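In: Sequence isn't available, so here's the structure alone:
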């Protein structure tokens, strides 16, 4: 067989390197005596031209173009000697290296688009076939919602997309773990979690990403769904990506972010003939100096950096990481440089990360994108050098997306700039590379969204009986001035006059108004030294007696939703006490210690020194309405439900008092703080002693002291040892009820 002359390529040293060898693997019935794989370098003794071969990161092979000069409109594809030329047939493209006599895998995909165009000689309409990369067939399928009961590790959800599809021509995906990966599945820990929180498909000690999701798609193309997951799979060393290994084998592997050239890195010199940037961009609009974040932890706690002024009239969001030259934007910041333009981004996390982890990621993101970086398109008509092989060259036709290349002498620097190759396209003339010096990933980074909504939405339309007042608390309105949201009720006197720049946990303010001072002591909720009787470790109002327990109250409103709930533990001097705790809100004014979950004879031995019938919040299933088998929880039905449980935080699975981290993280320490965005809603109307819908606002307000719009706080803490512990908090209402 003659070698195709137009496929031989020359390096800068005028050395023949090799040529492309395309094959077709028909998926239809193969006629007797015909091969299963058809070499098509020559068709009817005329060379086939491989016009271009492309790959991207992620997903590997993208597009390739084949030209068949000997096939015209007079020929019918799939018939006679063209029996192999059928749409959707598999196509492989190899590179034959002349120097080593090796056939090297380059590209795998399918024949997709047939186009006939007039040839250069005018002898007829030659055939051009556009081929699609093998992974791209995944977009023939839709990722559909499946509403799983248990969360799914990201890598398993991605692998699931390659299963159960008979017409798919790909192997099952596998995960290639880097040698330094140390995150493993702790079965003992997760077995203690309720079934709906327990990841599926994991075994003890198995390496995993630690990222969980219940999102299985929303009828979007499969690769779009996978790309959304990859967008959150970043680490301190880089990011996960999905590529294609030879044999149509999808592989999820970690893409390290490289700071210096190392063995295996490609290298070219900008001064050499055959190396040319067709464009280079340094876009300062892409710099970042303030990073916001929002997300939901695996425990269902939301976070977004919300802050509210002490008087509740102003809401803002603090970045999770920012350069000191732009944040805080106040004159007291001596580093503030007005000449530096502020540029903000927001990182949205899928369920699974803690707020503490979000802060770490934001810091890394800021470090990565604090300067503009470089992007560009590099054209190579010579072969690059492969570092680690002396002066050995690397055929440019083998350069693929996902590799790294150092371009020397950029900006006059001898070592130049190190780039990541995000896309590669090879033709007979040159290889064109899309480069990025910042290793940018598919993480969704968008401008901070506008936090507001038009309040003039029409409320009376075609539907009947659909009118609702814009404000839900007209009959008993929310009022910070009258004490709404102060925990406990009446503590607004302690907050009065607090400067606007003092933020949670208000420690500089509480030190000046500490619980040891009798003037302020009644504004805190006190628990005495730790008792061996769990019932004594609950906060009770000072007017309580040995026979009559009274909970602390919180003035609320007729109805509404909280946008922020913050509470902290303090010692008698007003310093934050770093203890874990439980806190919950109830509607029934009769709620007491006897309403709380109690230890049974079966589970009491697991929680020494406490005994059966002690009221204790930190045992498995204490606050669950149903158990793991769906059976109603008797304690919930008899005690918590009549008490009117609205919302609570801190249980066996996750204790409060670790914000912004999580108690379930290995080695985590309590902070004594809890801060929650959009934590709960309430309705306090039409029940005994509540806001009456038949009365006017004035009539309801006259009953304020009777607690017609109060919630009741139950707090437990047993980590204070021989000291007292005091609690103080705030609830801020969502002023836009349509959010």
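Out: Noted; the coordinates are in hand. Quick caveat, the model's predicted, so the values are computed rather than measured.
In: all contacts plus neighbour counts: C-alpha atoms, from now on.
Out: OK.
In: just the helices in this protein please.
Out: 154-160, 187-191, 222-230, 355-369, 492-495, 507-510, 634-635, 641-643, 697-701 (DSSP state H).
In: Could you export those as TSV, including mean pLDDT and mean neighbour count?
Out: Listed next are the helices of the chain as TSV, based on pLDDT from 0 to 100; neighbours: other CA atoms under 10 Å:
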stretch	mean pLDDT	mean neighbour count
helix 154-160	94	20
helix 187-191	89	13
helix 222-230	89	21
helix 355-369	77	18
helix 492-495	93	18
helix 507-510	96	18
helix 634-635	86	16
helix 641-643	92	17
helix 697-701	83	16
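In: Check the offset of stretch 695-711 from the chain's centre.
Out: Stretch 695-711 sits 44 Å away from the centroid of its parent chain (CA atoms, centre = their mean, to the nearest Å).
In: At the geometric centre of the protein, which residue sits there?
Out: residue 349 (2.6 Å; CA atoms, centre = their mean).
In: before we move on, the earlier item: let's have the helices of the chain in CSV, adding distance to residue 39.
Out: Listed next are the helices of the chain as CSV, based on distance: least, CA to CA, whole Å:
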stretch, distance to residue 39
helix 154-160, 32
helix 187-191, 51
helix 222-230, 31
helix 355-369, 47
helix 492-495, 82
helix 507-510, 76
helix 634-635, 73
helix 641-643, 74
helix 697-701, 86
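In: which stretch among those comes nearest residue 281?
Out: Residue 281 lies closest to helix 355-369 among these, at 14.9 Å (CA to CA).
In: still on that earlier bit, so for the residue nearest to the centre of the chain, what's the nearest residue that isn't a sequence neighbour?
Out: Excluding its sequence neighbours, the residue lying closest to residue 349 (CA to CA, 6 or more residues apart in numbering) is residue 295, at 4.7 Å.
In: likewise residue 245?
Out: residue 251 (6.6 Å).
In: Show the pLDDT at the residue nearest to residue 55 when sequence neighbours are not counted.
Out: Nearest residue to residue 55 in three dimensions, chain neighbours excluded: residue 61, at 4.2 Å (CA to CA, 6+ apart). At residue 61, the model reports a pLDDT of 95.
In: Residue 61 reaches residue 244, doesn't it?
Out: Yes: between residue 61 and residue 244 a contact is recorded at 7.4 Å, counting by CA atoms under 8 Å.
In: so where's the stretch 1-150 of the chain uncertain?
Out: Counting by pLDDT under 70, the ranges of the stretch 1-150 of the chain that qualify are 1-16, 28-29, 119-124.
In: go with 80
Out: Along the stretch 1-150 of the chain, the model assigns pLDDT under 80 to residues 1-17, 27-34, 99, 118-125, 147, 149.
In: Would you state the strands of it in chain order?
Out: Here the stretch 1-150 of the chain has its strands, by DSSP state E, counting those that start in this stretch, at 9-10, 16-25, 38-39, 42-43, 46-47, 49-56, 60-68, 90-97, 102-118, 125-133, 142-143.
In: and the residue nearest to residue 349, what are its bridge partners?
Out: residue 303 (DSSP bridges).
In: is it true that it touches residue 356?
Out: No: with contact defined as CA under 8 Å, residue 295 does not reach residue 356; the gap is 11.4 Å.
In: shared neighbours, these two?
Out: Here residue 295 and residue 356 share no contacting residue, scored by CA atoms under 8 Å, 6 or more residues apart in numbering.
In: Hmm, residue 661 and residue 357 touching each other?
Out: Yes: under the criterion of CA under 8 Å, residue 357 makes contact with residue 661 at 7.4 Å.
In: can you list the domain ranges for the protein.
Out: 5-137, 141-256, 266-282+373-436, 285-371, 486-733 (automatic domain parsing).
In: Adding distance to residue 474, write those domains out as JSON lines.
Out: Formatted as JSON lines, these follow (distance: least, CA to CA, whole Å):
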{"stretch": "domain 5-137", "distance to residue 474": "54"}
{"stretch": "domain 141-256", "distance to residue 474": "38"}
{"stretch": "domain 266-282+373-436", "distance to residue 474": "54"}
{"stretch": "domain 285-371", "distance to residue 474": "18"}
{"stretch": "domain 486-733", "distance to residue 474": "7"}
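In: tell me, which of those domains is the model least confident about?
Out: domain 285-371 (a mean of 80).
In: just how off-centre is that one within its chain?
Out: With CA atoms, centre = their mean as the basis, domain 285-371 stands 15 Å off its chain's centre.
In: For the residue nearest to residue 55, list the residues it contacts.
Out: Residue 61 neighbours (CA under 8 Å, 6+ apart): 54-55, 107-109, 132-135, 244.
In: hey, where'd the strands end up in the stretch 151-300 of the chain?
Out: 152-153, 174-176, 212-213, 220-221, 238-245, 249-256, 266-269, 275-281, 290-296.
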